[in-house]
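Peer 1: next come a sequence and a model predicted from it.
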Amino acid sequence: MNRPKRVAITGAAGQIGYQLCFRIASGDLLGPNQPVILQLIEIAPALDALKGVVMELEDAAFPLLAGVEATADLETGFKDADYAILVGAKPRGPGMERADLLSENGKIFGPQGRALNAVASRDVKVLVVGNPANTNALIAQANAPDLPKENFTAMTRLDHNRALAQLAARTGIHHTSIRQMTIWGNHSSTQYPDLHHTLVAGKPAMEAEGVDASWYESDFIPTVQQRGAAIIKARGASSAASAASAAIDHIRDWALGTDGDDWVSMAVPSDGSYGIEPGVIYSFPCTCENGQWSIVQGLEINEFSRARMDATDQELREERAAVESLL
Ligand code: NAD
Ligand code: LMR
């Protein structure tokens, strides 16, 4: 058996955190030969609830679970962490945009960045889930100057998986036969789900049965963009199990590698690829190998895509400007 990896989770007693703890302890994150130590972080008022989560983790007797720590102290919680999943933040309610959370949630990520900088593994891989995820990741990164900038990422994998599900339903082809899906930009309603490079059973998605320009523009794109709001409306609470599942997909693929010629969508610090503003945390098509992600290069971008990729870039620049004092 390998040395246990330390996985820190903030907001561990919340909806998403509760799902994440059990999936990770059962081996879904890093595979069946990798023991894990969970370092669970909550705010003080939620520590009783977190104690209950720890009791349940003990009662599940997971073979791969090598330890559980629960704390409200960031430096204790992030100590030597190999992975940090930053979930703890307020979810939006009906009628809100995710950016409406920026002033309240943004303040959480500066102190977390500083604590990671002080005590986490020098190669800690960070995934921000708490909304608005992209700009919160930027805040954490800016407050962790000694850690590699590329280790700060935000989650658009849920959007990626939602896009796979919508296309699978439309074409009648199972999502495992769909490859090269792309979400560009912000995890917000300006995100751009792009089918121009996607393959359905090996053939271009834009030519697949049931897919035409009208469905793509008027149905597929808005459905994926608005899926989070639709879940909130239906469930009365924001997505939780699917969000936890996507977070696991994101870290697993980053750590263990993507599959052959397929890619995944990850919000990562822009290096200027595809003309996107350098520095903003923007979702790109990425492949992963040896624990490193790289942006897929050389995709042809048509006028339709260009306008949408720039609009979501513009929103991220505006969010960055709004939190300048926290960077
Ligand atoms: P929740 O309210 O059920 O849980 C959040 C938990 O975080 C609570 O237990 C709370 O006590 C804790 N918390 C708050 N501030 C904290 C802090 N400073 N440090 C540590 N813990 C803290 O919410 P949820 O449904 O689990 O959602 C969490 C966040 O994830 C929300 O911002 C939500 O919008 C976001 N989200 C993002 C995606 C995505 O795709 N990126 C998907 C779903 C939800
Ligand atoms: C989601 O996409 O489900 C989450 O970001 C929650 C939300 O506010 O939509």
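Peer 2: Received it, and whenever you're ready, just let me know what you need. Numbering: from 1, shown residues only. Ligands and ions are numbered 1, 2, ... in the order given.
Peer 1: and residue 90, what pLDDT?
Peer 2: Per-residue confidence at residue 90 stands at 84 (pLDDT).
Peer 1: how about the contacts made by the closest residue to ligand 2 within the stretch 151-300 of the chain?
Peer 2: Residue nearest to ligand 2 within the stretch 151-300 of the chain: residue 228 (2.2 Å; Cβ to the nearest ligand atom). Just so you know, the C-beta spots here come from the backbone N, C-alpha and C atoms, and that holds for glycine as well. Residue 228 makes contacts with 98, 158, 238-239, as judged by Cβ atoms under 8 Å, 6 or more residues apart in numbering.
Peer 1: pLDDT-wise, what's the bottom of the residues you listed?
Peer 2: Lowest pLDDT among the contacts of residue 228: residue 98, 81.
Peer 1: my guess is that one contacts residue 190, does it?
Peer 2: No. Counting by Cβ atoms under 8 Å, residue 98 sits too far from residue 190 to count as a contact (10.4 Å).
Peer 1: any chance you could list what contacts stretch 56-73?
Peer 2: Outside stretch 56-73, the residues that touch it by Cβ under 8 Å, 6+ apart are 4, 12, 21-22, 25-27, 32, 34-44, 47, 50-51, 53-54, 76-77.
Peer 1: remind me which helix or strand residue 106 belongs to.
Peer 2: Element membership for residue 106 (DSSP states H and E) is helix 102-119.
Peer 1: and that helix, how far from the chain's centre?
Peer 2: Per Cα atoms, centre = their mean, to the nearest Å, the displacement of helix 102-119 from the mean C-alpha position of its chain is 17 Å.
Peer 1: repeat that for stretch 260-280.
Peer 2: The answer for stretch 260-280 is 14 Å, by Cα atoms, centre = their mean.
Peer 1: list the buried ones in it?
Peer 2: Under the neighbour-count criterion of 16 or more other Cβ atoms under 10 Å, stretch 260-280 has 263-270, 273-274, 276, 279-280 buried.
Peer 1: can you redo these as a markdown table with pLDDT?
Peer 2: A markdown table is the format used below for these (pLDDT from 0 to 100):
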| residue | pLDDT |
| --- | --- |
| 263 | 98 |
| 264 | 98 |
| 265 | 98 |
| 266 | 98 |
| 267 | 98 |
| 268 | 98 |
| 269 | 98 |
| 270 | 98 |
| 273 | 98 |
| 274 | 98 |
| 276 | 98 |
| 279 | 97 |
| 280 | 98 |
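Peer 1: out of these, list just those in strands.
Peer 2: Under the assignment DSSP state E, the buried residues of stretch 260-280 contribute 264-269 to strands.
Peer 1: looking at those residues, spot the one nearest residue 115.
Peer 2: The shortest approach to residue 115 among those belongs to residue 269, at 20.0 Å (Cβ to Cβ).
Peer 1: nearest spatial neighbour of that closest one, chain-adjacent residues omitted?
Peer 2: Leaving aside its chain neighbours, residue 269 sits nearest to residue 149 (5.3 Å; criterion: Cβ to Cβ, 6 or more residues apart in numbering).
Peer 1: okay, now residue 322: neighbour count?
Peer 2: As a burial measure, residue 322 scores 15 neighbours (other Cβ atoms under 10 Å).
Peer 1: tell me who's in contact with the closest residue in space to it that isn't next to it in sequence.
Peer 2: Leaving aside its sequence neighbours, residue 322 sits nearest to residue 102 (Cβ to Cβ, 6+ apart; 6.2 Å). Going by Cβ under 8 Å, 6+ apart, residue 102 touches 132, 135, 319, 322-323.
Peer 1: any idea of the pLDDT on residue 102?
Peer 2: Looking at residue 102, its pLDDT stands at 88.
Peer 1: ok, residue 97 next?
Peer 2: 78.
Peer 1: all strands of this protein, in order?
Peer 2: Under DSSP E, the chain gives strands at 5-10, 36-41, 65-71, 83-86, 125-128, 152-154, 178-179, 182-184, 192-194, 199-200, 203-204, 264-269, 281-289, 292-295.
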